[in-house]
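*Asks:* One predicted model, sequence on top.
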Amino acid sequence: MSEVRLRFAPSPTGYLHIGGARTALFNWLLSRKEKGTFILRIEDTDVARSTQESVDAILEGMTWLGLDWDEGPFYQSESFPLYKEFVQKLLNEGKAYKCYCTPEELEAKRELAMREGRKPKYDGTCRNRTEDIPGKPFAVRFRAPQTGETAFHDLIKGPISFANEELDDLIIQRSDGTPTYNFTVVIDDATMGITTVIRGDDHVNNTPRQIMLYEALGYPVPKFAHVPMILGADKTRLSKRHGATSVMAYRDMGFLPEAMVNYLVRLGWSHGDDEIFSREELIEKFSIEAVGRSAGVFNPDKLLWLNHHYIMNGDPQRLAELLVPFLQERGIDPGKGPDRVAAVKTLQERSKTMVEMADGAAFYYRSEFAYDEEAAAKFLKPEVVPLYKALLAKLDGLPDFGHDAIEAAFKEFCAEQGIKMGQIGPPVRVALCGGTTSPSIYEVLEVLGRDETRRRIERTIAFVAK
RNA sequence: GGUCCCAUCGUCUAGCGGUUAGGACACCGGCCUUUCACGUCGGUAACAGGGGUUCAAGUCCCCUUGGGAUCACCA
């Protein structure tokens, strides 16, 4: 009875975007922290703009982020009879009335009011009409209180109040019989027993009207928490101009869901100086009151840093699985070539994204790669051939081809040849990887294995001979 | 324009009357080093402005300025 019930209520007119994901995350976190219920509700009363593809995309985004819901998804389009019932109830009680003004007349009045410097609110033409007009289409308006004020204590923003005279009689049912948003949210939240509404702060202006509706309907008013919106680098509302806004696009760009969750929660919320939070820590430490009141700028660099952190500290086995599609995108068959987990381990600390990791791993799987021109000119010279041959002989004598044994062999080799690591390291790197950037060559040798190492060095010897 | 909201480094933020205003990302240096990274040490950088209240204001109040949201038979 006293348990909290929260909901995320997106309208299916597009994919799950960054802002929506954060709102969903805050709802989810609070529900988990309070051991309450998290409900997913699809607001599809705008039949024309709602699509099944959008619903699927939103569900996929939620799932990827690990935001599971306890009830739903519910669809508002399935509750039309319920809304009708409540409209009729308000009509019967005189708390709503039929409005015969046409949209055109309303638009004209609004314009006139604007021109004369008056507020463009409904003038109340039908508010006191006593007789129905048979056969004429009508919308239904809520009879809102015209004096006093409506106030609420926002969990994030604090006390907020509106003078009732600023609000007009909103339409709750269109002339085609369908209900409007401000009415359906209230009916749904009320009948679903939502205790706390966490949503974007573009809804604060709707809140007083909704509170009036709760009161007229005789339902308890839930608590409200309005989360500030997310901005782009230029401080305007985040949009595609600022880069990807779909959370799934971030998966495709090689981001880990835990990095996304960590980033999103820290955008607006904080817990002292802490930056890294596991899912468990978030559930334990999150509180809606600690969410900041001002809008925040989406910072891709910090997301990248977090992603790097999670890749670096992630389970190699799991990362190896996640890497598969990225390798395939590059025309690589992950089934062939060196052990993928071993390869991943050499790349974790040098990959900010899975895309970077795939790029870095490609050389392991490609044997006939071209040498980087600059690197070849600098390191693949004739005088290195004898060193290659001597090294190959040295490597052949190794009983164990593990990292430590390889490292020891290189040290010994340098001493025997009277050379520095800098004289043999780079040429070997280019022979094995094709360029000058790679994981430690000891690791590369180990991952590639003795045979492939020999193959690649011999290939380079042949290349230099030409 | 009306209403509502917001304001600490470039960015995310800590701060809840007394601080050398802290941390993180990014950036710039040093160290480590076979490359790239990782790691590590250090550095640049902020209380929008003005009035109050107070012994004392980044912290409380007011105003100004600047941002933003919203004013539909969209959600």
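*Replies:* Nice, I can see it.
*Asks:* use CA for all of it now, contacts and neighbours both
*Replies:* OK.
*Asks:* and stretch A:355-367, anywhere near RNA strand B?
*Replies:* No: on the criterion C-alpha under 7 Å from any atom of the strand, stretch A:355-367 is out of touch with RNA strand B, staying 9.3 Å away.
*Asks:* For stretch A:254-271, report the contacting residues that lie outside it.
*Replies:* With C-alpha atoms under 8 Å, 6 or more residues apart in numbering as the test, stretch A:254-271 has contacts from A:18, A:22, A:25-26, A:64-66, A:228, A:251, A:275-279, A:285-286, A:290-298, A:302-303, A:306-307, A:310-311, A:353-356.
*Asks:* what are the ranges of the helices in the stretch 351-466 of chain A?
*Replies:* Assigned by DSSP state H, counting those that start in this stretch, the stretch 351-466 of chain A shows helices spanning A:354-365, A:373-379, A:385-396, A:403-417, A:421-433, A:441-465.
*Asks:* swap that for the stretch 101-250 of chain A, please
*Replies:* Here the stretch 101-250 of chain A has its helices, by DSSP H, counting those that start in this stretch, at A:103-115, A:181-191, A:207-217, A:247-252.
*Asks:* ok, residues contacting the last one?
*Replies:* Contacts of helix A:247-252 from elsewhere in the structure, counted by C-alpha under 8 Å, 6+ apart, are A:16, A:17, A:18, A:21, A:61, A:64, A:244, A:257.
*Asks:* Now do the contacts for residue A:333.
*Replies:* Contact analysis of residue A:333 by C-alpha under 8 Å, 6+ apart lists A:327, A:365.
*Asks:* So which bits of the stretch 251-400 of chain A are right by RNA strand B?
*Replies:* For the stretch 251-400 of chain A, the residues in contact with RNA strand B (C-alpha under 7 Å from any atom of the strand) are A:266-275, A:290-299, A:301-302, A:305, A:349-351.
*Asks:* Any of those buried? List them.
*Replies:* Buried residues within these, counting neighbours by 16 or more other C-alpha atoms under 10 Å: A:266-270, A:291-293, A:295-298, A:349-351.
*Asks:* Tell me which of those residues fall in strands.
*Replies:* A:296, A:297 (DSSP state E).
*Asks:* Just the closest of the buried ones among the residues of the stretch 251-400 of chain A next to RNA strand B to residue A:315, please.
*Replies:* Of all these, residue A:315 sits closest to residue A:349, with 12.4 Å by C-alpha to C-alpha.
*Asks:* That closest one contacts residue A:310, correct?
*Replies:* No: if you go by C-alpha atoms under 8 Å, residue A:349 and residue A:310 don't touch, sitting 9.7 Å apart.
*Asks:* picking that back up, which of the contacts of stretch A:254-271 fall within helices?
*Replies:* The helices, defined by DSSP state H, take in A:18, A:22, A:25-26, A:64-65, A:251, A:279, A:285, A:302-303, A:306-307, A:310-311, A:354-356 from the contacts of stretch A:254-271.
*Asks:* Now do the contacts for residue A:369.
*Replies:* By C-alpha under 8 Å, 6+ apart, residue A:369 lies in contact with A:363, A:434.
*Asks:* That one and residue A:441, how far apart?
*Replies:* Per C-alpha to C-alpha, to the nearest Å, residue A:369 is found 17 Å from residue A:441.
*Asks:* Please apply the same query to residue A:7.
*Replies:* 52 Å.
*Asks:* do residue A:146 as well
*Replies:* The gap separating residue A:146 from residue A:441 is 78 Å, by C-alpha to C-alpha.
*Asks:* Mind checking which of those two has more residues around it?
*Replies:* It is residue A:441, of residue A:146 and residue A:441, that has more neighbours when counted by other C-alpha atoms under 10 Å, with 20 against 13.
*Asks:* looking at it, the more buried one is touching residue A:427, isn't it?
*Replies:* No: applying C-alpha under 8 Å as the test, residue A:441 and residue A:427 come out as separate, 10.4 Å apart.
*Asks:* Please name the residues that touch residue A:449.
*Replies:* Residue A:449 sits next to A:338, A:401 when contact means C-alpha under 8 Å, 6+ apart.
*Asks:* confidence score at it?
*Replies:* Per-residue confidence (pLDDT) for residue A:449: 94.
*Asks:* now swap in residue A:235 and tell me
*Replies:* 92.
*Asks:* Next one: it from RNA strand B, what distance?
*Replies:* Distance of residue A:235 to RNA strand B, given as C-alpha to the nearest atom of the strand, to the nearest Å: 6 Å.
*Asks:* can you pull the contacts of that residue?
*Replies:* Counting by C-alpha under 8 Å, 6+ apart, residue A:235 touches residue A:297.
*Asks:* can you put the helices of the stretch 101-250 of chain A in JSON lines and add distance to residue A:377 and mean neighbour count?
*Replies:* Converted to JSON lines, those look like this (distance: least, C-alpha to C-alpha, whole Å; neighbours: other C-alpha atoms under 10 Å):
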{"stretch": "helix A:103-115", "distance to residue A:377": "74", "mean neighbour count": "13"}
{"stretch": "helix A:181-191", "distance to residue A:377": "68", "mean neighbour count": "19"}
{"stretch": "helix A:207-217", "distance to residue A:377": "69", "mean neighbour count": "19"}
{"stretch": "helix A:247-252", "distance to residue A:377": "36", "mean neighbour count": "19"}
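*Asks:* Can I get the ones you listed in TSV including distance to residue A:450?
*Replies:* TSV is the format used below for the helices of the stretch 101-250 of chain A (distance: least, C-alpha to C-alpha, whole Å):
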stretch	distance to residue A:450
helix A:103-115	80
helix A:181-191	65
helix A:207-217	69
helix A:247-252	35
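*Asks:* Mean pLDDT added to those helices, as TSV?
*Replies:* Converted to TSV, the helices of the stretch 101-250 of chain A look like this (pLDDT from 0 to 100):
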stretch	mean pLDDT
helix A:103-115	82
helix A:181-191	96
helix A:207-217	97
helix A:247-252	97
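*Asks:* tell me the contacts of residue A:427?
*Replies:* Residues counted as contacts of residue A:427 (C-alpha under 8 Å, 6+ apart) are A:379, A:380, A:384.
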